[in-house]
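>>> Just the structure for this:
(one chain, ligands or ions: 1)
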Amino acid sequence: MSDRQPINFTRGVPAIESFPIDELIEVATAAFKQHGAAMMQYGPALGFAALREWLAQWQGVQPNQVLTGNGSLELFDFLCLQLLQPGDLVFTESPTYDRTITLLRRHRATVVGIPLESDGPNIAGLEAELKKHVPKFFYLIPDFQNPSGATCSGAKRRRVVELAEQYNFTLIEDAPYRLLRYHGREEPTLFTLAPHRTLHMSSFTKLLGPGVRLGFMLGEADLLLKLAKVAEDTYISPGYVAHGIAYEWCRRGLLPPQIEKLKALYAPRLAACLAAIDKYMPDAQATRPDGGFFVSVTLPAGVLTTTVRAGAAKRNLNLADGLAFFPNGGGERFLRLPYCALTPEQIDEGIGRLAETVREVRAH
Ligand SMILES: Cc1ncc(COP(=O)(O)O)c(C=O)c1O
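Model (predicted):
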């Protein structure tokens, strides 16, 4: 075993130094003083009313178009429970977020992955699948995708929406990284392009911290009411204590400066990741995102992620396998690099070790 410092390119977690602990200590006291009883009591499963109103105003929708829950992942689980019957067809990008694939499988959906390119799903591939069968919904992560880092172009967003209209299926837009844009121009959300066919999901996990377990969904009020019933039958009401504190933090205007702090912390980490890839692995096929948490690399022909992973572990470099992100196989050479929780020095060192490992695997 190497005596070098361990470096983890495994999970897409926020940097612990990004958590605004001092603000939260102060805000929590104020939240308990003002809303203590409501925070401690059961309440509507749709969520803490004042928070839903704040979110609605922020997002430019009506409060009845907002559902909050204990993280966005569980809201997606409720959606599957409401919409899917065993055997139903769902499209995702391929690769996509591995936990989404796990949940879809748990609901016994048939998952078809649409190949993802650096500017969004392959449209010809999507059209070819649609000629064969129409899904209940198409789940996409259009901004700084997990795991690839890719962002869907405006033209592809519009084409996906046109196809959803033409073939009559729902779009599930998962956008937890959207606000973490370090440079470049924002594209419109699918929700603004097609509000009646899109459910937009986002989360405070990457903006404030996973510990508040605050996710939200925007969509048609009727459907959200049905999801709230599923939520009520699951946990009665979501975590009002954490959500009440998050509300007070938002009400004080602390979200915009927090987003600016996150960009200032993470942009140099993204730059360090891309610079290290150029320096140590100049022939690597890597995505070059403008934001978010992930860069991904396709390893050279014949070099498998599973083999590199084993070699990297001997250098105290921990990597995640790429296979779990591909719903229908593939991904043998795919590697996701979550860089946000590492310092620029650790990123440089980690990619140096990765390049060393790849050279070793190629030599054998
Ligand atoms: C695309 C995507 N969706 C959902 C989640 C989960 O978010 P939450 O913590 O709000 O459940 C993540 C977390 O990594 C994610 O990357």
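>>> mind listing what the closest residue to the ligand within the stretch 251-364 of the chain touches?
With Cβ to the nearest ligand atom as the measure, residue 293 is the residue of the stretch 251-364 of the chain nearest to the ligand, at 7.5 Å. Every C-beta, even on glycine, is put in place using the N, C-alpha and C of the backbone. With contacts defined as Cβ atoms under 8 Å, 6 or more residues apart in numbering, the neighbours of residue 293 are 12, 144, 146, 177, 180, 206, 266, 338-340.
>>> One more pass at 6 Å, please.
If you count contacts by Cβ atoms under 6 Å, 6 or more residues apart in numbering, residue 293 has them with 12, 338, 340.
>>> Buried members of the residues you listed into ChimeraX, please.
The ChimeraX selection below is limited to those of those classed as buried (16 or more other Cβ atoms under 10 Å):
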select :12,338,340
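>>> Name the nearest of the contacts of residue 293 relative to residue 353.
residue 338 (15.7 Å; Cβ to Cβ).
>>> Keep only the contacts of residue 293 that also lie close to the ligand.
For the ligand, the contacts drawn from the contacts of residue 293 by Cβ under 6 Å from any ligand atom are residue 12.
>>> Inside strands: which ones of the contacts of residue 293?
residue 338 (DSSP state E).
>>> which of the contacts of residue 293 has the weakest pLDDT?
Across the contacts of residue 293, no position has a lower pLDDT than residue 12, which has 94.
>>> nearest residue to that residue other than its sequence neighbours?
Excluding the flanking residues, the one nearest residue 12 by Cβ to Cβ, 6 or more residues apart in numbering is residue 338, at 4.2 Å.
>>> How many residues are close by residue 177?
Residues within reach of residue 177, counting by other Cβ atoms under 10 Å, total 26.
>>> same thing with residue 195?
Residues contacting residue 195 under the criterion other Cβ under 10 Å number 16.
>>> Could you confirm it falls within a helix?
No. Residue 195: not assigned to a helix; according to DSSP: H, G, I helix; E, B strand; the rest coil it is coil.
>>> Start the count at 31 instead of 1 going forward.
Renumbered: residue one is now 31, and that last one reads residue 225.
>>> Backbone dihedrals for the closest residue to the ligand within the stretch 31-180 of the chain, both of them.
Proximity of the stretch 31-180 of the chain to the ligand (Cβ to the nearest ligand atom) peaks at residue 101, 2.9 Å away. Residue 101 adopts backbone torsions of phi 90, psi 150, taken as degrees, to the nearest 10.
>>> just checking, the residue nearest to residue 42 touches residue 44?
No. Here residue 368 does not reach residue 44: they are 10.0 Å apart, not a contact under Cβ atoms under 6 Å.
>>> Identify the contacts common to the two.
The contact sets of residue 368 and residue 44 do not overlap (Cβ under 6 Å, 6+ apart).
>>> And the pLDDT for residue 31?
What the model reports as pLDDT for residue 31 is 56.
>>> other SSEs contacting the longest strand anywhere in the chain?
The longest strand of the chain (DSSP E) is strand 140-147. Using 3 or more Cβ pairs under 6 Å, 6 or more residues apart in numbering; DSSP states H and E, the elements in contact with strand 140-147 are strand 119-124, helix 153-162.
>>> As JSON lines, these with mean pLDDT, mean neighbour count and distance to residue 312 would be great.
Shown next, in JSON lines, are the helices and strands packed on strand 140-147 (pLDDT from 0 to 100; neighbours: other Cβ atoms under 10 Å; distance: least, Cβ to Cβ, whole Å):
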{"stretch": "strand 119-124", "mean pLDDT": "98", "mean neighbour count": "25", "distance to residue 312": "27"}
{"stretch": "helix 153-162", "mean pLDDT": "98", "mean neighbour count": "14", "distance to residue 312": "30"}
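>>> Let me have the ones you listed in CSV, adding distance to residue 195 as columns.
Listed next are these as CSV, based on distance: least, Cβ to Cβ, whole Å:
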stretch, distance to residue 195
strand 119-124, 15
helix 153-162, 12
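>>> now those as CSV including distance to the ligand?
As requested, these are exported to CSV (distance: least, Cβ to the nearest ligand atom, whole Å):
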stretch, distance to the ligand
strand 119-124, 10
helix 153-162, 19
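>>> Residue 181 is nearest to which of these?
That would be strand 119-124 among the helices and strands packed on strand 140-147, by Cβ to Cβ, at 11.8 Å.
>>> For the stretch 81-230 of the chain, list the residues in contact with the ligand, please.
Counting by Cβ under 6 Å from any ligand atom, the residues of the stretch 81-230 of the chain close to the ligand are 101-103, 127, 171, 176, 204, 206.
>>> Kindly apply the preceding question to the stretch 281-394 of the chain instead.
With Cβ under 6 Å from any ligand atom as the criterion, the stretch 281-394 of the chain does not meet the ligand at any residue.
>>> Look up how far residue 287 lies from the residue nearest to residue 230 when sequence neighbours are not counted.
Distance criterion Cβ to Cβ, 6+ apart; nearest residue to residue 230, sequence neighbours excluded, is residue 221 at 3.8 Å. Residue 221 sits at a distance of 25 Å from residue 287 (criterion: Cβ to Cβ, to the nearest Å).
>>> Looking at those two, which has the bigger crowd around it?
Comparing residue 221 with residue 287 by other Cβ under 10 Å, the one with more neighbours is residue 221, at 23 against 11.
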